[in-house]
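Engineer: How does the following fold in three dimensions:
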Amino acid sequence: MLRNVSGVHDMFFPLPDRYSVNSAKLHLELTNSNALIQSRSQLTVRLNKTVVAQIKLDPDNPRTFADIVLPTDKLIVGYNRLRFAVAQHYTEEECEAPDAPELWTEVDSVKSELAFDLMLRSKTPTLASIPYYIDEKLPTYTIKILRPQLEFDTQDLIWGALIAQGVALRLQHVPFEIEQGAADVPGRFNPVPDVDSDHLSGAELDTVIAGKHADIEAYLDREISERISGPYLGVFPLNGDARHFLLVVSGVNDEQVAVAAKTFASITFPFPDTADSVIKKFEQPAPKAYQLAGLIQPDTTYTFAQLGLDTTSVSEGQDSAIQLALKLAPDLYAREDTEVVLRLHLAYGAAMRRDSTINISLNGVFQQAIHLQQLNGAHYRDYRMVLPLRSFQAGDNNLEFHPVLTPLETGECLYRQQKNLVFSLFNDSTIEFPPADHYVRLPDLKLFERTGFPFSRVADGSETGIQLLDRTPQSVLAAWQITAKLAQLSGLPLYRTSLSFQPIHQDLHLIVIGDGQAMQAEISSDAPIHLGLENQFTYPLPPGSTRETTPLWEQWLAKLFNQPAAKEPTTMEAKSLRSVQTGGLGDYALAMAYQSPLYSDRMVLAITHQQHPKTFYQRVKTLVAPQIWSQLQWDIVIWKDNSDSLVWQQSDAEFFVGETTQRSKLAYYFSRHPLGWIVLVMVLLFLFAWLIHVLLKRFKNKHHPNVEELES
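Structural biologist: As a prediction, the model looks like this:
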């Protein structure tokens, strides 16, 4: 909605370097107020810095349809800006209220669309150019992973997972599709253009072939094959077509192939700028717990510059706020009254009305405001304000500073001066996070959706095991897709995650993927749902609250001090009934999380189907799509092929992981029971007085035994 005399809205869209644009068209559908004056009201559309359209806003025909051809020479590689700006008036006179409610135009964001005619460019690939091919700005992406044999073994599972993670990390949060196949037709791959190699063709997709040198040499050109003397990465045009690449991930033995796959997943800088490379050494640091990329550490102070925010000025009329991104650990635990302290370096302009403010919100929820009350403007170096830690959420947070700046002189017939309406926030402002423990309730699929926890507690995946229940291609693709999603959440490849087709008996958080009927009893014994010839399902009951009685001593103290006893908020307990029946999941896929039967402080996440392997990978691909992934919550979820089919429930089982100090436990208890704190202080004072009395009496008896005590 574009409001007021001069409303503005910006929209950004990506254009990857991999595509050339033959044509681009913007289709707009909009509705404007019927109170506007046609001769003075219009909408302009600007592409980057160029006006590409002007549309009259007609009050007699308020519904407008427009098709706008965008000049391709004004498009840039990267993110392009479309700016919609309106000039809206309701009178021919000079005097009008600039914020009158009838000044509006609404662009239909559902029916309006951008359409492109794109063509892939040709580019000679090098290892440094992989980000050109695997680009987060691509509208869609699919990669094909080939193996030298039809059957999957554990090494195929590990290598494919690392390759999928390397793709996912380059695409950032963009979902993608994986295809797999076996390069089972011997032949020679030749990277020279115009030479066709039918054995690796079939679908025009970026392709990876992974395997030991002895297994894949039949598919490679002799010159390339002879270079594989160790962990090897090579990238070449696919069948001579430089619009797509073939990536060779190989080595002399299994370990060397794994090193090559880890290297591919880890390349974050444009070198080597060559077609291939033999990796002579690969060392990865072992991260500690809670060392995810950009994760805020408790009991630490950060400048805004360290958090990626530069000094920024915002003027009235700009449809934007200053935003600070903060990523918190998923299991922070502290007292309810724990605070985050901000010390702001800010400045604002002069001659603003006294109702001007800076509204501060966290994750879209208003927290507090800064009143800009100095008529001559102000510059503050250490403006202190606090936010409760409980207002922050696990994972990503967005702290916004939104200026509401009002001119000093306003009115229908007055010039509206706006150039003085400016607010600046400097990058040496700081935010201080308090000490906190790590302690959290599980299972929680919402926490998993936001942060990957508990599998992301250590970023390299060393606390995670992934077991496949079958060797079908659909289950393998599903496992690759899930590991790719976890890598995107943690920001690093899962180098040390254990993947296997066999049961994993290590002390790890476990992800189980495949046919739910094949789950071993030792893993599924505590699961809320059991699949088999007979199926055990749970059905949620309405949650009920529990009533806790206040201890008698606390009631007595409350009467003594005439202070009501503090009461804990009631606990809503989830209840469910269980039913055993012959009917099964059908077309639904299932994700359920529960406490591991093997290790009490570990969680099991089962992502399964029931005898529907053909659709299983599509279900998992649907699961990781943003519209489904963002809806995960509680501990049991079933879904089909769209977001409308998603259903979740909470079982009645929970457990806690992490540790909290005795000091935190006592502080939390006394914050909820202040009368207990008063009693404790009184007892301690009495003991202290008694101890002083005893010591003074002993001193007198030793040094002044004949001196009588003074009578009061």
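
Engineer: What about Gln581, how many residues nearby?
Structural biologist: Neighbourhood size, Gln581 [other C-beta atoms under 10 Å]: 9. Backbone N, C-alpha and C define where each C-beta goes, glycine included.

Engineer: so who does it touch?
Structural biologist: Counting by C-beta atoms under 8 Å, 6 or more residues apart in numbering, Gln581 touches 534-535, 537.

Engineer: So for the longest helix belonging to the chain, mean pLDDT?
Structural biologist: The residue-count maximum for a helix in the chain (DSSP state H) belongs to helix 674-703. Averaging pLDDT along helix 674-703 yields 82.

Engineer: Packing partners of that helix?
Structural biologist: helix 552-560, helix 662-672 (3 or more C-beta pairs under 8 Å, 6 or more residues apart in numbering; DSSP states H and E).

Engineer: Let me see the domain layout of this structure.
Structural biologist: Structural domains of the chain, as assigned by automatic domain parsing, span the residue ranges 2-120, 127-278, 300-435, 444-544+576-653, 673-703.

Engineer: what about the helices in the stretch 301-450 of the chain?
Structural biologist: 445-451 (DSSP state H, counting those that start in this stretch).

Engineer: Show me the strands in it, by range?
Structural biologist: Secondary structure of the stretch 301-450 of the chain (DSSP state E, counting those that start in this stretch): strands at 312-315, 322-328, 332-333, 339-348, 357-362, 365-371, 378-388, 395-404, 422-425, 430-433, 437-442.

Engineer: Local confidence estimate at Ala242?
Structural biologist: Ala242 is given a pLDDT of 91.

Engineer: How about the contacts made by it?
Structural biologist: Per C-beta under 8 Å, 6+ apart, neighbours of Ala242: 122-125, 193.

Engineer: from those, which is closest to Ala100?
Structural biologist: Lys123 (53.8 Å; C-beta to C-beta).

Engineer: any idea how far Asn427 is from the closest one?
Structural biologist: Distance, Lys123 to Asn427, using C-beta to C-beta, to the nearest Å: 38 Å.

Engineer: Pull out the buried positions in the longest strand anywhere in the chain.
Structural biologist: Counting residues, the longest strand found in the chain (DSSP state E) is strand 19-32. Neighbour-count burial for strand 19-32, counted by 16 or more other C-beta atoms under 10 Å, picks out 19, 24, 26, 28-30, 32.

Engineer: just checking, what packs against that strand?
Structural biologist: So strand 19-32, by 3+ C-beta pairs under 8 Å, 6+ apart, packs with strand 42-47, strand 50-56, strand 63-70, strand 104-107, strand 113-120.

Engineer: That strand vs strand 42-47, what angle?
Structural biologist: Angle of strand 19-32 versus strand 42-47, following axes from the mean of the first three to the mean of the last three C-alpha atoms, to 10 degrees, is 160 degrees.

Engineer: tell me the angle of strand 19-32 relative to strand 63-70?
Structural biologist: Inter-element angle recorded for strand 19-32 and strand 63-70: 160 degrees (by the same axes, to 10 degrees).

Engineer: What pairs with strand 19-32, parallel or antiparallel?
Structural biologist: strand 63-70 (antiparallel), strand 104-107 (antiparallel), strand 113-120 (antiparallel) (DSSP bridges).

Engineer: what's the most buried one of those?
Structural biologist: For the strands paired with strand 19-32, the largest average neighbour count (mean count of other C-beta atoms under 10 Å) is found in strand 104-107, namely a mean of 19.

Engineer: What lies in contact with it?
Structural biologist: The contact list for strand 104-107, computed with C-beta under 8 Å, 6+ apart, reads 1-3, 7, 9, 28-33, 43, 57, 84, 86, 88.

Engineer: Could I get the full set of helices for the stretch 501-650 of the chain?
Structural biologist: 521-524, 552-560, 616-623, 626-629.

Engineer: So for the host helix or strand of Ile178, mean pLDDT?
Structural biologist: Assigned by DSSP states H and E, Ile178 belongs to strand 177-182. In this model, strand 177-182 carries a mean pLDDT of 88.

Engineer: helices or strands up against that strand?
Structural biologist: Counting contacts by 3+ C-beta pairs under 8 Å, 6+ apart, strand 177-182 is packed against strand 142-147, helix 154-171, helix 473-490.

Engineer: mind running it again at 6 Å?
Structural biologist: strand 142-147, helix 473-490 (3 or more C-beta pairs under 6 Å, 6 or more residues apart in numbering; DSSP states H and E).

Engineer: and those, which is most packed in?
Structural biologist: Of these, helix 473-490 is the most buried (mean count of other C-beta under 10 Å), at a mean of 24.

Engineer: right, and the helix or strand after that helix?
Structural biologist: Using DSSP H and E, the next helix or strand after helix 473-490 towards the C-terminus is strand 498-500.

Engineer: Which residues outside stretch 651-662 are in contact with it?
Structural biologist: Under the contact criterion C-beta atoms under 6 Å, 6 or more residues apart in numbering, stretch 651-662 has outside partners 331, 333, 437-442, 528, 538, 574-576, 595, 601, 635.

Engineer: what about that stretch, average pLDDT?
Structural biologist: 82.

Engineer: Buried ones in that stretch, by neighbour count?
Structural biologist: 651-653, 657-658.

Engineer: In a markdown table: those, plus distance to Arg450.
Structural biologist: Shown next, in a markdown table, are the buried residues of stretch 651-662 (distance: C-beta to C-beta, whole Å):
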| residue | distance to Arg450 |
| --- | --- |
| Ser651 | 20 |
| Asp652 | 23 |
| Ala653 | 21 |
| Val657 | 16 |
| Gly658 | 17 |
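
Engineer: Can you lay out the residues you listed as TSV showing secondary structure and distance to Met385?
Structural biologist: Output for the buried residues of stretch 651-662, formatted as TSV (DSSP: H, G, I helix; E, B strand; the rest coil; distance: C-beta to C-beta, whole Å):
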residue	secondary structure	distance to Met385
Ser651	coil	41
Asp652	coil	41
Ala653	coil	41
Val657	strand	33
Gly658	strand	30
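
Engineer: now, which of the residues you listed sits nearest Val174?
Structural biologist: The shortest approach to Val174 among the buried residues of stretch 651-662 belongs to Val657, at 31.1 Å (C-beta to C-beta).

Engineer: Tell me the bridge partners for that closest one.
Structural biologist: With DSSP bridges as the rule, Val657 is bridged to Val440.

Engineer: and it, how far is that from Leu82?
Structural biologist: On the measure of C-beta to C-beta, Val657 and Leu82 end up 47 Å apart.

Engineer: same check, this time on Tyr133
Structural biologist: 27 Å.

Engineer: what about those two, which has more around it?
Structural biologist: Each of Tyr133 and Leu82 has its neighbours counted (other C-beta under 10 Å); Tyr133 has more, 23 against 18.

Engineer: wait, what's in contact with that one?
Structural biologist: Contacts of Tyr133 by C-beta under 6 Å, 6+ apart are 206, 245.

Engineer: at 8 Å what do you get?
Structural biologist: Contacts of Tyr133 by C-beta under 8 Å, 6+ apart are 18, 125, 206, 244-245.

Engineer: Kind regards, and thank you for your time.
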